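Undergrad: what follows is a protein structure lacking sequence information:
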């Protein structure tokens, strides 16, 4: 069983300071220490930020394998997450892999101000070492999962951490952290590597590892110079980071709003344009986010119905009752789309909600109706003389399709009894909203003229 646990915070500047700034600060006198440190096995750092989703869980598993294959001394997870959206079964698998790791595992919560909340905080029980940066907090881990080899023992805070949070001082005082270098915590990565030096860790199969992460040497004045071993920093790749970012509630919400709005806009224009392609991409990405995040199905249905209501008034070019119904449904759906996870709310910020709801309201009260009125208010379209004009079918019309009339492409509809093939000449007999009603020059169904 793992004996020690560690949670620390890392700022980007602190990491790069370990790689280059430390050498410059100590000057030429630490050359011997650097040479000795270079002979030590490296320590790996894997960044875990944002919600613990399937992408991050997969990255954690790959980091465990990568560090073991590379012969690293230890693997540090730099953690800043407010919850997990993976299943409890998946969490069990993750904890058991951390416990069975051939490389000692440390968890470092940071930088200052970072959080480790929800089911993700249960990783603290599976790690070998933990510590926290000043200003960071842990807790709200919920009911512990049952994982082989994992014991949830956080001293006097074992029960408290299931529902409450603790800062570094309280966590250290109550025994929630079974390792900490001093009363101030471990503020940066360099300190983290230094404090790992000399620790004895019991691994799987009763294998004991003594970490050797710091080399010492005397400079020209007889002073002891300490230099840490090589630290290798890893984070999500570009594509993985893209999907991880998409699977956050604000981004998913905005992508859904933009995607649906652009698809409706494209529906009322002829052919497929840039708006349709962008709307399709946004909608696909939003669907990925919705699949990863906990949502309320009824709220999503309300937002989809809102778009249908908007479309009713868009085709007539005037915001009416259906626009009001759409705004009401969309607002309700936006507020209740995401469910809470691990006691933390995933609802987007009020600024995000105002951008989404306000943008949709302006689009369907002003933008889309104006576009429809402008299109049918020009001298070339929407006038009485357009009826009787001739055009060419751009595709098969049976009963709907697209035609070219007066150098413009338009949606068209014909009687089911008289389908029109691509390339045939058509005659415009009426205009219904944004759709031209057409018929072939010969053999047209009589019911068109009978209505007159």
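TA: Cool, the structure landed. Everything quoted here is computed from the prediction, not taken from an experiment.
Undergrad: tell me how many other residues crowd residue 172.
TA: With neighbours defined by other CB atoms under 10 Å, the count for residue 172 comes to 21. Any C-beta I mention is one placed from the backbone N, CA and C, and that applies to glycine too.
Undergrad: where's it relative to residue 64, distance?
TA: Residue 172 sits 27 Å away from residue 64, going by CB to CB, to the nearest Å.
Undergrad: could you do residue 349 as well?
TA: With distances defined as CB to CB, the gap from residue 349 to residue 64 amounts to 34 Å.
Undergrad: which one's more surrounded, the two?
TA: For residue 349 versus residue 64, neighbours defined as other CB under 10 Å are more numerous around residue 64 (21 against 10).
Undergrad: just checking, the more buried one is part of a helix?
TA: Yes: under DSSP: H, G, I helix; E, B strand; the rest coil, residue 64 sits within a helix.
Undergrad: that one touches residue 104, doesn't it?
TA: No: under the criterion of CB atoms under 8 Å, residue 64 is not in contact with residue 104, lying 11.0 Å apart.
Undergrad: shared neighbours, these two?
TA: Both residue 64 and residue 104 are in contact with residue 75, where contact means CB atoms under 8 Å, 6 or more residues apart in numbering.
Undergrad: chain neighbours aside, what residue packs nearest to residue 360?
TA: If the residues on either side of it in the chain are set aside, residue 360 comes closest to residue 330, at 5.7 Å by CB to CB, 6 or more residues apart in numbering.
Undergrad: cool, and residue 282?
TA: In space, residue 282 is closest to residue 259, 3.4 Å off (CB to CB, 6+ apart).
Undergrad: what does residue 399 give?
TA: Nearest-residue entry for residue 399: residue 416, 4.9 Å, with adjacent residues in sequence omitted and distances by CB to CB, 6+ apart.
Undergrad: does that neighbour count as helix, strand or coil?
TA: Reducing the assignment at residue 416 to three states with three-state DSSP gives coil.
Undergrad: that one is in contact with residue 439, isn't it?
TA: No: using CB under 8 Å as the test, residue 416 is too far from residue 439 to be in contact (11.9 Å).
Undergrad: the two - which one has more neighbours?
TA: Taking other CB under 10 Å, residue 416 and residue 439 do not tie; residue 439 has more neighbours (21 against 9).
Undergrad: quick one: contacts for residue 176?
TA: By CB under 8 Å, 6+ apart, residue 176 lies in contact with 124, 138, 154, 155, 157, 161, 166, 170.
Undergrad: let me know the helix or strand that the residue lying closest to residue 359 once chain neighbours are set aside is in.
TA: Distances taken as CB to CB, 6+ apart put residue 257 closest to residue 359, at 6.9 Å, once the chain neighbours are dropped. Secondary-structure element containing residue 257, defined by DSSP states H and E: helix 249-267.
Undergrad: ok, then the element right after that helix?
TA: Scanning the chain past helix 249-267 towards its C-terminal end, the next helix or strand to appear is helix 274-292 (assignment: DSSP H and E).
Undergrad: got the angle between that next one and helix 249-267?
TA: If you take axes from the mean of the first three to the mean of the last three CA atoms, to 10 degrees, helix 274-292 sits at 140 degrees to helix 249-267.
Undergrad: and the contacts of helix 274-292?
TA: Contacts made with helix 274-292 from outside it, assessed by CB under 8 Å, 6+ apart, are listed as 53-54, 85, 243, 246-249, 251-252, 255-256, 258-263, 265-266, 269, 300.
Undergrad: which among those residues end up buried?
TA: Burial of the contacts of helix 274-292 was assessed by neighbour count (16 or more other CB atoms under 10 Å); the buried members are 53-54, 85, 243, 246-249, 251-252, 255-256, 258-263, 265-266, 269.
Undergrad: hang on, isn't residue 127 packed against residue 98?
TA: Yes: counting by CB under 8 Å, residue 127 sits close enough to residue 98 to count as a contact (6.4 Å).
Undergrad: so what sits against both of these two?
TA: Residues touching both residue 127 and residue 98 comprise residue 105, with contact defined as CB under 8 Å, 6+ apart.
Undergrad: more neighbours, the two?
TA: Neighbour count, other CB under 10 Å: between residue 127 and residue 98, residue 127 has more, with 27 against 24.
Undergrad: state the distance from the closest residue to residue 424 other than its chain neighbours to residue 135.
TA: What sits nearest to residue 424 in space, not counting adjacent residues and going by CB to CB, 6+ apart, is residue 393, at 5.1 Å. Residue 393 sits 68 Å away from residue 135, taking CB to CB as the criterion.
Undergrad: ok, the two, which is more surrounded?
TA: More crowded of residue 393 and residue 135, by other CB under 10 Å: residue 393, with 22 against 16.
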